[in-house]
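Enquirer: Got a predicted structure plus its sequence, pasted below:
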Amino acid sequence: MDERSKVKDPSINFRDTLNDVVSVEKHILAINEIINVDLLGLLVKNQMLITLS
């Protein structure tokens, strides 16, 4: 077995960390959209318009 395959590259760990951060930020943004009643109403209205089209 190649010695390099036993050790995880540090850049992959950094990339994994960045992906985790981006994922958390997306969830926070989604929660904020749901909490904001006016924005939620606009999203629902737009979805209804798209469905009826």
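Expert: That came in fine, so what should we check first?
Enquirer: for the protein, what are the low-confidence residue spans?
Expert: Along the chain, the model assigns pLDDT under 70 to residues 1-11, 53.
Enquirer: So which elements touch the longest helix along it?
Expert: Longest helix in the chain, counting residues (DSSP state H): helix 10-35. The contact analysis (3 or more C-beta pairs under 8 Å, 6 or more residues apart in numbering; DSSP states H and E) places helix 10-35 against helix 37-52. C-beta: built from backbone N, CA, C; applies to glycine.
Enquirer: Buried residues in the helix it packs on, which are they?
Expert: For helix 37-52, the neighbour count (16 or more other C-beta atoms under 10 Å) marks no residue as buried.
Enquirer: Show me what it is in contact with.
Expert: Contacts to helix 37-52, defined as C-beta atoms under 8 Å, 6 or more residues apart in numbering, come from residues 33-34.
Enquirer: Please shift the residue numbers so they start at 6 in all later answers.
Expert: Sounds good: first residue 6 from here, last item helix 42-57.
Enquirer: Please work out the angle formed by the directions of that helix and helix 15-40.
Expert: For helix 42-57 against helix 15-40, the angle by axes from the mean of the first three to the mean of the last three C-alpha atoms, to 10 degrees is 90 degrees.
Enquirer: send the alpha carbons of helix 42-57 over as PDB?
Expert: The C-alpha trace of helix 42-57 is given here as PDB (Å, rounded to 0.1, in the frame of the first residue of the first chain):
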ATOM      1  CA  VAL A  42     -42.900  36.500   8.200                       C
ATOM      2  CA  ASP A  43     -43.000  39.100   5.400                       C
ATOM      3  CA  LEU A  44     -40.300  37.300   3.500                       C
ATOM      4  CA  LEU A  45     -42.000  34.000   4.000                       C
ATOM      5  CA  GLY A  46     -45.300  35.400   2.700                       C
ATOM      6  CA  LEU A  47     -43.500  36.700  -0.400                       C
ATOM      7  CA  LEU A  48     -41.900  33.300  -1.000                       C
ATOM      8  CA  VAL A  49     -45.300  31.600  -0.700                       C
ATOM      9  CA  LYS A  50     -47.000  34.100  -2.900                       C
ATOM     10  CA  ASN A  51     -44.200  33.700  -5.600                       C
ATOM     11  CA  GLN A  52     -44.500  29.900  -5.400                       C
ATOM     12  CA  MET A  53     -48.200  30.100  -5.900                       C
ATOM     13  CA  LEU A  54     -47.800  32.300  -8.900                       C
ATOM     14  CA  ILE A  55     -45.200  29.900 -10.400                       C
ATOM     15  CA  THR A  56     -47.500  26.900  -9.700                       C
ATOM     16  CA  LEU A  57     -50.500  28.600 -11.400                       C
END
